[in-house]
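Q: just a sequence and a predicted model for now, questions to come.
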Amino acid sequence: EEKLNLDDSQWEDIHVVTGALKMFFRELPEPLFPFCFFELFVEAIKTQDYQQRVQSIKKLVSQLPKPNHDTMKVLFRHLQKIIAKASENLMSTQGISIVFGPTLLWPQFDTGNMAVHMVYQNQIVELILIEYSEIFGPTDD
């Protein structure tokens with residue numbers, strides 16, 4: 001219900017905006033990739049054949065609840081725009097994946113495999129960024 005004034009000077013610092021975005025996703029009661037999908041995405045990213053891996057991830061994304069799917073589509077499109085300016089902002093696909101992987105998906109219960117999970121979280125986000133058009137369809141812009 002709080003109204004934000006985006007003209008306020010505090011929003012001029014891109015780090016503040018990025019931090020707010022990450023905090024929003026991190027503080028959701030359930031991640032953007034719902035808990036019940038975590039292991040399914042991890043298993044999909046482990047698939048050896050690249051095209052089969054992409055298709056498995058695409059199928060899982062299509063099965064997400066509509067609000068999660070639609071939010072993911074908008075967020076990943078925005079992240080692609082950031083990556084397109086990597087020469088200016090130094091944010092590569094891999095860099096974005098490292099930043100957003102653990103923010104967008106995590107297991108419901110800590111199983112002590114945090115380092116292993118982090119590798120898969122990053123790989124899942126990176127694959128979706130690379131294969132955005134295949135997973136979500138062509139963009140209008």
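A: Cool, got the structure. Residues are numbered from 1 along each chain as shown.
Q: where's P107 relative to S133, distance?
A: The spacing between P107 and S133, counted by CB to CB, to the nearest Å, is 29 Å. C-beta: built from backbone N, CA, C; applies to glycine.
Q: which residue of those two possesses the greater neighbour count?
A: Between P107 and S133, P107 has the larger neighbour count (other CB atoms under 10 Å), namely 15 against 10.
Q: mind listing what the residue nearest to the more buried one when sequence neighbours are not counted touches?
A: Excluding the flanking residues, the one nearest P107 by CB to CB, 6 or more residues apart in numbering is F38, at 5.0 Å. Taking CB atoms under 8 Å, 6 or more residues apart in numbering as the criterion, F38 is in contact with P31, L105, W106, P107, Q108.
Q: between those, which is nearest Q52?
A: For those, the residue nearest Q52 by CB to CB is L105; the value is 20.4 Å.
Q: quick check: the closest one touching L40?
A: No. Distance between L105 and L40: 10.7 Å, which falls outside the contact criterion (CB atoms under 8 Å).
Q: mind checking pLDDT for T18?
A: Note on T18: pLDDT of 80.
Q: now do the one 10 residues further on
A: At L28, the predicted lDDT confidence score is 92.
Q: which residues touch it?
A: Taking CB under 8 Å, 6+ apart, we find L28 in contact with no residue.
Q: quick revisit: and what about the residue nearest to P107, helix, strand or coil?
A: Three-state call for F38 (DSSP: H, G, I helix; E, B strand; the rest coil): helix.
Q: next one: it from T18, what distance?
A: For F38 relative to T18 (CB to CB), the value is 24 Å.
Q: ok, L40 next?
A: For L40, the distance to T18 - CB to CB - is 28 Å.
Q: do the same with K81
A: Noted for K81: a distance of 13 Å to T18, by CB to CB.
Q: and K85, by the same measure?
A: 14 Å.
Q: A44: neighbouring residues, count only.
A: Neighbours of A44 using other CB under 10 Å come to 22.
Q: how about K46?
A: K46 has 11 nearby residues by other CB under 10 Å.
Q: residues in contact with it?
A: If you count contacts by CB under 8 Å, 6+ apart, K46 has them with Y120.
Q: which strand or helix spans S97?
A: Using DSSP states H and E, the element containing S97 is helix 93-104.
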